[in-house]
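>>> Build me a model:
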Amino acid sequence: MNSKNELLCSYSNNRSELWVSLIEKAYMKVNGGYNFPGSNSGIDLHALTGWIPEEIIINGENFNMMKVWKQMINAYHYGDCLITISTGALDETLAEQLGLYEKHAYAVLNVKEVRGYKLLQVKNPWTQKRWKGKFSPVRYSFIYYSLV
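Have a look, this model is predicted:
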């Protein structure tokens, strides 16, 4: 819990449900506790589900945005994948301006194209910070990020 009595782990929006926090706590206990430099959502999802992750580096020299977008939107709407994204190293000022955490993973809740914009509906499992950039909603626990 932080100084505002907020959980510093994943939790359900229904405060009477503890299973999300308990699964996270059990997973962390098996892996040595919370005192570690960070994790990788692909490794975590594989450990919890048996799903074999595919990592796509978007700033790599062979990255083809349109090909990846088509794969991602088709697989997501077919129900064939789980998608997470993460940030790398961020300048503290930029992180605060955008409402993002440095080196943090986010769950992708939806993938869609609207009026030519390629959008991801993204949820921060910690929910203490909110996206402040383009397409940022004020009243929701998710963020939209344009890939264009």
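>>> Helix or strand with the lowest mean pLDDT in the chain?
Ranked by mean pLDDT, DSSP states H and E, the weakest helix or strand in the chain is strand 142-146, scoring a mean of 44.
>>> If we go by neighbour counts, what in the longest strand seen in the chain is buried?
Across the chain, the longest stretch assigned as strand under DSSP state E is strand 105-114. Buried residues in strand 105-114, defined by neighbour count with 16 or more other C-beta atoms under 10 Å: A105, Y106, A107, V108, V111. Where C-beta positions appear, they are placed from N, C-alpha and C, glycine not excepted.
>>> That one - contacts with which helices or strands?
Contact here means 3 or more C-beta pairs under 8 Å, 6 or more residues apart in numbering; DSSP states H and E; on that basis strand 105-114 packs against helix 65-78, strand 84-86, strand 117-123.
>>> among these, which is the most enclosed?
Most buried of these by mean neighbour count (mean count of other C-beta atoms under 10 Å) is strand 117-123; its value is a mean of 17.
>>> what's across from A105 in the sheet?
S86 (DSSP bridges).
>>> which ones are touching it?
Counting by C-beta atoms under 8 Å, 6 or more residues apart in numbering, A105 touches S39, N40, S41, T84, I85, S86, P125.
>>> Nearest to M66 among these?
Lowest distance from M66 to these (C-beta to C-beta) belongs to I85, with 17.7 Å.
>>> what's the distance between the closest residue to that closest one other than its chain neighbours and Q121?
Leaving aside its sequence neighbours, I85 sits nearest to Y106 (C-beta to C-beta, 6 or more residues apart in numbering; 5.3 Å). Between Y106 and Q121 the distance is 10 Å, computed by C-beta to C-beta, to the nearest Å.
>>> centroid residue for the protein?
The centre of the chain sits closest to Y106, judged by C-alpha atoms, centre = their mean, with a distance of 1.0 Å.
>>> Tell me how far that residue lies from Y11.
15 Å.
>>> Repeat that for I43.
21 Å.
>>> of those two, who's got more company?
Taking neighbours as other C-beta atoms under 10 Å, I43 and Y11 compare with Y11 leading, 19 against 11.
>>> so what's that one up against?
E17, V20, S21.
>>> SS state for the first one?
By that I understand E17. What DSSP: H, G, I helix; E, B strand; the rest coil gives for E17 is coil.
>>> Cool, thanks, talk later.
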